[in-house]
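1. just need the structure, nothing else, for what follows:
(chains A, B, C and D)
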Protein chains: 2
Amino acid sequence: MCQPAEQQEISVAVSTVILALLPGGDGTPRVHLPLVRRTRDPYRDEWALPGGWVCKDESLRDAARRTLAETTGLRPSYLEQLYTFGRPDRSPTGRVLSVVYSALVRTHEATVAEEGENVRWCAADDATGLAFDHDEIVRYALWRLRTKVEYAHIALHFLDETFSMAQLREVYEAVLQRPLDPANFRRHVEASGTIVPTGERLTGTRHRPPRLYRALVPEGSPGPLATAGPLS
Amino acid sequence: MCQPAEQQEISVAVSTVILALLPGGDGTPRVHLPLVRRTRDPYRDEWALPGGWVCKDESLRDAARRTLAETTGLRPSYLEQLYTFGRPDRSPTGRVLSVVYSALVRTHEATVAEEGENVRWCAADDATGLAFDHDEIVRYALWRLRTKVEYAHIALHFLDETFSMAQLREVYEAVLQRPLDPANFRRHVEASGTIVPTGERLTGTRHRPPRLYRALVPEGSPGPLATAGPLS
DNA sequence: TCAAAAGTGTTGGAGCTACACCCATGC
DNA sequence: GCATGGGTGTAGCTCCAACACTTTTGA
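-> Below you'll find the predicted structure:
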């Protein structure tokens, strides 16, 4: 039998894997995430996921949203709890338990985030060599994104309020890393009933102007944990 | 900004939703879970999920396995992290963060568990009025079981080493709470390649003796978190 | 008129559901 | 034999991938 609180000496932190679609080397969108440079030991000057300690009277979700804003200035369009990492030796300085959240931010919002000396956007698949066990966390978050995007409608949280069918398809292609048939993709998402045409069209392209769509507020909850669902 | 450890005053506990199939009122299997009576405040004498405090040098998974054994004597055939509950007010006595695990135990093992004054098996859907936020936790665990059983091969962890096709079908019917076509069910699971016939048959029934099968050790991991997968 | 992407139609195959049917055993 | 569940076959249906084809704009 063990003891609670002070006898335990376990510190509780939150970390967040923030995902956004930014143009890659070839101009097509790729999944990116912001990293922050650590200003303290352990792992001083190394790159890590944004996060921080949980306050005494703060929910885990609020702590995730707060630390994410403090370190990167970003406001996520979607936030869900991912997993809790608690290996006794995962931090060299005392025991730290990290409740990890996964967040999605829209491309427009992501470009607002100040990139500087201590914050840097990184292509998600290239994020290695991070502090603590953050490599493992990032890989797990990407795996979850890629499996969940196939059955949940979370891709919409990467996009701005209105978007064309091709933009939505690009999101799926970037996440799943394979091309999708435009015709079949259109029928699939139209049948799902999660988006609705605005009546507007996107002009200024060098071809036929595509219809614009808007996300329908999700009606069915993803499960009995309402607080695990989307926010904002 | 907040502080770690002692300044935080957050106690870290694990709780486990242990699920097993036991005969219900009509003799067909139903999902049950063991509850333990609390011997301390808060919620003294009320029913709650088994659990306990995390020790300083113990992984969360080990803590789940240990507290589960201490309170119920059960050894799970499957154990995975479910979710972490951390509302600041979820315990009336100081802040408690509960990392909740979900465990499956085989029917044979479940009957071994001592049922007594302070441990009681309860039909999962009737488990209400529990201490803390454990009602919510149970509902979430059941939802996860019912969605996961459709795409993962976790139902096998309810059964003993060898089993007939009908027994496996009964597991699915109990979890999904609807009858399944025996013919289609057989083809479905045979195509999945997760079980293999032993060559033996189950005799003593009053009809044609069914073939016995054995679970194939799962080859593909459920994701990049190997520690989240099955044990034993 | 042409290039390029938007958007529609169509066809073949895979897989699933419902249900008919035979098989093998105990009684 | 008959009852009971084990196990197989199959027609019809839905869904989906592939790809041909038409539409609409800018240059």
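2. from residue A:201, how far out is the closest residue to DNA strand D within chain A?
-> Closest to DNA strand D within chain A is residue A:208: 2.9 Å, counting by CB to the nearest atom of the strand. All C-beta spots, glycine's among them, are computed from the backbone N, C-alpha and C. Relative to residue A:201, residue A:208 is positioned 9 Å away (CB to CB, to the nearest Å).
3. comparing those two, which residue is more hemmed in?
-> Using other CB atoms under 10 Å in any protein chain shown as the criterion, residue A:208 and residue A:201 rank with residue A:201 on top: 13 against 6.
4. now do the buried residues in the top helix by length along chain A.
-> If you go by DSSP state H, chain A has its longest helix at helix A:134-148. Under the neighbour-count criterion of 16 or more other CB atoms under 10 Å in any protein chain shown, helix A:134-148 has A:134, A:136-142, A:144-145, A:148 buried.
5. for stretch A:198-211, same thing?
-> Buried residues in stretch A:198-211 (16+ other CB under 10 Å): none.
6. and that stretch, how far from the chain's centre?
-> Its chain's average C-alpha position is 29 Å from that of stretch A:198-211, according to CA atoms, centre = their mean, to the nearest Å.
7. any residue of it touching DNA strand C?
-> Yes - Stretch A:198-211 is in contact with DNA strand C by CB under 7 Å from any atom of the strand, via A:201, A:205-211.
8. max pairwise distance over the residues you listed: which two?
-> Maximum pairwise distance among the residues of stretch A:198-211 next to DNA strand C (CB to CB): 17.1 Å, between A:206 and A:211.
9. quick one: low-confidence residue ranges for chain A.
-> Residue ranges of chain A with pLDDT under 70: A:1, A:3-7, A:218-224, A:226-232.
10. can you give me the strands in it?
-> A:10-23, A:29-37, A:47-48, A:51-53, A:78-85, A:95-104, A:119-123, A:162-164, A:195-201, A:211-215 (DSSP state E).
11. distance to residue B:155 for the ones you listed - can I get that in CSV?
-> Output for the strands of chain A, formatted as CSV (distance: least, CB to CB, whole Å):
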stretch, distance to residue B:155
strand A:10-23, 31
strand A:29-37, 34
strand A:47-48, 39
strand A:51-53, 37
strand A:78-85, 23
strand A:95-104, 28
strand A:119-123, 39
strand A:162-164, 40
strand A:195-201, 35
strand A:211-215, 35
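12. which of these sits closest to residue B:185?
-> Residue B:185 lies closest to strand A:78-85 among these, at 32.5 Å (CB to CB).
13. which residues are contacting the closest one?
-> By CB atoms under 8 Å, 6 or more residues apart in numbering or on different chains, the residues outside strand A:78-85 that reach it are A:16-17, A:60-61, A:64-65, A:97-104, A:133, A:136-137, A:140-141, A:144, A:154, A:157, A:228-231, B:60, B:81, B:83-84, B:99, B:225, B:228.
14. sheet-wise, list the partners of it with their directions.
-> According to DSSP bridges, strand A:78-85 has the following sheet partners: strand A:95-104 (antiparallel).
15. to the chain's geometric centre, what's the distance from the partner strand?
-> Centre-to-centre, strand A:95-104 and its host chain are 12 Å apart (CA atoms, centre = their mean).
16. so residue A:10 makes contact with residue A:97?
-> Yes - under the criterion of CB atoms under 8 Å, residue A:10 makes contact with residue A:97 at 5.5 Å.
17. tell me, what's touching these two both at once?
-> Joint contacts of residue A:10 and residue A:97 (CB under 8 Å, 6+ apart) are residue B:12.
18. not counting its neighbours along the chain, what's nearest residue A:51?
-> Leaving out its chain neighbours, the residue that sits closest to residue A:51 by CB to CB, 6 or more residues apart in numbering or on different chains is residue A:15, at 3.4 Å.
19. could you do residue A:69 as well?
-> residue A:75 (6.8 Å).
20. for residue A:110, see how far away that neighbour is.
-> 10 Å.
21. what's the answer for residue A:154, then?
-> 16 Å.
22. next: residue A:65.
-> Per CB to CB, residue A:65 is found 16 Å from residue A:110.
23. what parts of chain A come near DNA strand D?
-> By the rule CB under 7 Å from any atom of the strand, the part of chain A lying against DNA strand D is A:181, A:183-184, A:188, A:191, A:203-209.
24. who's more crowded, residue A:75 and residue A:110?
-> residue A:110 (22 against 17).
25. which residues does that one contact?
-> By CB under 8 Å, 6+ apart, the contact set of residue A:110 is A:20-22, A:32, A:34, A:74, A:121.
26. neighbours of residue A:103, how many?
-> 26.
27. same check on residue A:93?
-> Neighbour tally, residue A:93, other CB under 10 Å: 11.
28. ok, now which ones touch the nearest residue to it once chain neighbours are set aside?
-> The shortest distance from residue A:93 to any residue other than its chain neighbours is 5.4 Å, reached at residue A:42 (CB to CB, 6+ apart). Contacts of residue A:42 were listed using CB under 8 Å, 6+ apart, and they are A:91-93, A:131.
29. residue A:99 touches residue A:10, doesn't it?
-> No - here residue A:99 lies out of contact with residue A:10, judged by CB under 8 Å, at a distance of 12.0 Å.
30. spell out which parts of chain A neighbour DNA strand C.
-> Within chain A, the residues that sit near DNA strand C (CB under 7 Å from any atom of the strand) are A:164-166, A:182-184, A:186, A:201, A:205-211.
31. identify the farthest-apart pair in these.
-> A:184 and A:206 (24.8 Å).
32. off-centre distance for stretch A:158-165?
-> Distance, stretch centre to chain centre, for stretch A:158-165: 17 Å (CA atoms, centre = their mean).
33. only the C-alpha atoms, please, for it, written as CSV.
-> C-alpha atoms of stretch A:158-165 as CSV (Å, rounded to 0.1, in the frame of the first residue of the first chain):
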residue,chain,number,x,y,z
PHE,A,158,-7.7,21.8,-39.6
LEU,A,159,-9.7,24.1,-41.9
ASP,A,160,-11.1,27.6,-41.7
GLU,A,161,-14.8,28.3,-41.6
THR,A,162,-15.4,27.8,-45.3
PHE,A,163,-13.5,25.6,-47.6
SER,A,164,-13.7,23.8,-50.9
MET,A,165,-14.0,20.1,-51.4
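34. any idea how far the closest residue in space to residue A:193 that isn't next to it in sequence lies from DNA strand C?
-> Leaving aside its chain neighbours, residue A:193 sits nearest to residue A:216 (7.0 Å; criterion: CB to CB, 6+ apart). Distance of residue A:216 to DNA strand C, computed by CB to the nearest atom of the strand, to the nearest Å: 17 Å.
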